[in-house]
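In: Sequence below, structure please.
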Amino acid sequence: MKENEIKNLNEKCRHIRSLIIEEIGELGVGHVGGSLSIVEVLVVLYNKVMNINPNNPYLEGRDRFVLSKGHGGPGLYAVLADRGFFDIEDLSTLNKPNTNLPSHCDMNKTKGVDMTVGSLGQGISCAVGMAKASKIKKDNAYIYCILGDGECQEGEVWEASMCAAHFKLNNLIAFIDYNKMQIDGLTKDVMNLGDINKKWEAFGWNVLDVDGHNVADIYEKIIDGKKSKDKPTMIILNTIKGKGISFIEEMGYKNHSMNVNESQKSLALNELKGEE
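Out: Coordinates of the predicted model:
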């Protein structure tokens, strides 16, 4: 990736983080930490990788994306709005009455959302089904999916992973937001995942590892994943929960869902602008 592309994508990430803070700040509470930690991968997917058309969101043969860790919805909404799937102004309606932007993504409400999510573990199962369907249709689509690391404590995740490996779904590229935290603590304390790389390898996946906040490296890993001939690919994103805003990062797992008052909102936006 060229230097100017990296610079532009990094600027886009800063802008997306500002949109996330604005939309959650408008409501006053929301899933901040896990939305901020997946910004880089969302920006790379929607601005550099995926075959999509905001003017035709239901295009046949398009690439599809499933946010299995559905509480990251504010992050996905910010990226979809920025790409033109719906108006930026709609972000201010996040999780309010009659909104088209519920807390967890709903494909029946939001343009650009390919799968309804909420109950952890179900999104990856849906992504596996979509990848299998794409193989049957031979439409050459890639299916992308993001899981949370806490989500990987769900048994359904591993049933889906076995299925994907069995059917050799090399058109499925998944990611784990490996920030090592979940709603009520560190994953190692709540339910230790062990060696997450070896675990996915043991389930028959092509496993790659990357700095989850390096846009160039994320892009290269996705390209490497597309070279897999007979295995689905899992890319482990080493991330920081609440990435990009220092006082939110310092909160640790308590930033999973948090209040955002006007003072905090201003402080966060100023930091993203590089102001004191």
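In: Phi first, then psi, for K226.
Out: In terms of degrees, to the nearest 10, the main-chain angles of K226 are phi -70, psi -10.
In: mind checking which helix or strand G25 is in?
Out: Per DSSP states H and E: G25 is located in helix 3-27.
In: residues contacting the closest residue to D106 other than its chain neighbours?
Out: Using C-beta to C-beta, 6 or more residues apart in numbering and skipping the chain neighbours, the partner closest in space to D106 is T116 (4.9 Å). Placement of C-beta: from N, CA and C, glycine included. Contacts for T116 (C-beta atoms under 8 Å, 6 or more residues apart in numbering) come out as 104-108.
In: and with 10 Å instead?
Out: Contacts for T116 were tallied using C-beta atoms under 10 Å, 6 or more residues apart in numbering; they are 66, 70, 102, 104-110, 122-123, 126.
In: where are the low-confidence patches of the stretch 151-276 of the chain?
Out: Residue ranges of the stretch 151-276 of the chain with pLDDT under 70: 275-276.
In: Run through the helices of it in chain order.
Out: When assigned using DSSP state H, counting those that start in this stretch, the helices of the stretch 151-276 of the chain occupy the ranges 155-166, 187-191, 196-202, 215-225, 246-249, 262-272.
In: can you tell which of those helices is closest to G61?
Out: Nearest to G61, of all these, is helix 215-225, at 18.7 Å by C-beta to C-beta.
In: and the closest one, what does it pack onto?
Out: In terms of contacts (3 or more C-beta pairs under 10 Å, 6 or more residues apart in numbering; DSSP states H and E), helix 215-225 is packed against helix 3-27, helix 39-44, strand 172-178, strand 206-211, strand 233-238.
In: ok, now with 6 Å
Out: Judged by 3 or more C-beta pairs under 6 Å, 6 or more residues apart in numbering; DSSP states H and E, helix 215-225 is in contact with helix 39-44, strand 206-211.
In: Using PDB, list the CA coordinates for stretch 163-182.
Out: This file holds the C-alpha atoms of stretch 163-182, laid out as PDB (Å, rounded to 0.1, in the frame of the first residue of the first chain):
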ATOM      1  CA  CYS A 163     -18.400 -26.400   9.600                       C
ATOM      2  CA  ALA A 164     -16.400 -23.800   7.700                       C
ATOM      3  CA  ALA A 165     -13.300 -26.000   7.700                       C
ATOM      4  CA  HIS A 166     -15.200 -29.100   6.700                       C
ATOM      5  CA  PHE A 167     -16.700 -27.400   3.600                       C
ATOM      6  CA  LYS A 168     -13.300 -25.700   2.800                       C
ATOM      7  CA  LEU A 169     -14.900 -22.200   2.700                       C
ATOM      8  CA  ASN A 170     -11.800 -20.300   1.500                       C
ATOM      9  CA  ASN A 171     -14.200 -17.400   0.600                       C
ATOM     10  CA  LEU A 172     -14.700 -16.800   4.300                       C
ATOM     11  CA  ILE A 173     -12.300 -14.400   6.100                       C
ATOM     12  CA  ALA A 174     -13.000 -13.700   9.700                       C
ATOM     13  CA  PHE A 175     -11.400 -11.500  12.300                       C
ATOM     14  CA  ILE A 176     -11.200 -11.600  16.100                       C
ATOM     15  CA  ASP A 177     -11.100  -8.300  18.000                       C
ATOM     16  CA  TYR A 178      -8.500  -9.600  20.400                       C
ATOM     17  CA  ASN A 179      -8.500  -6.800  23.000                       C
ATOM     18  CA  LYS A 180      -8.500  -9.400  25.700                       C
ATOM     19  CA  MET A 181     -11.400  -7.800  27.500                       C
ATOM     20  CA  GLN A 182     -15.100  -8.300  27.800                       C
END
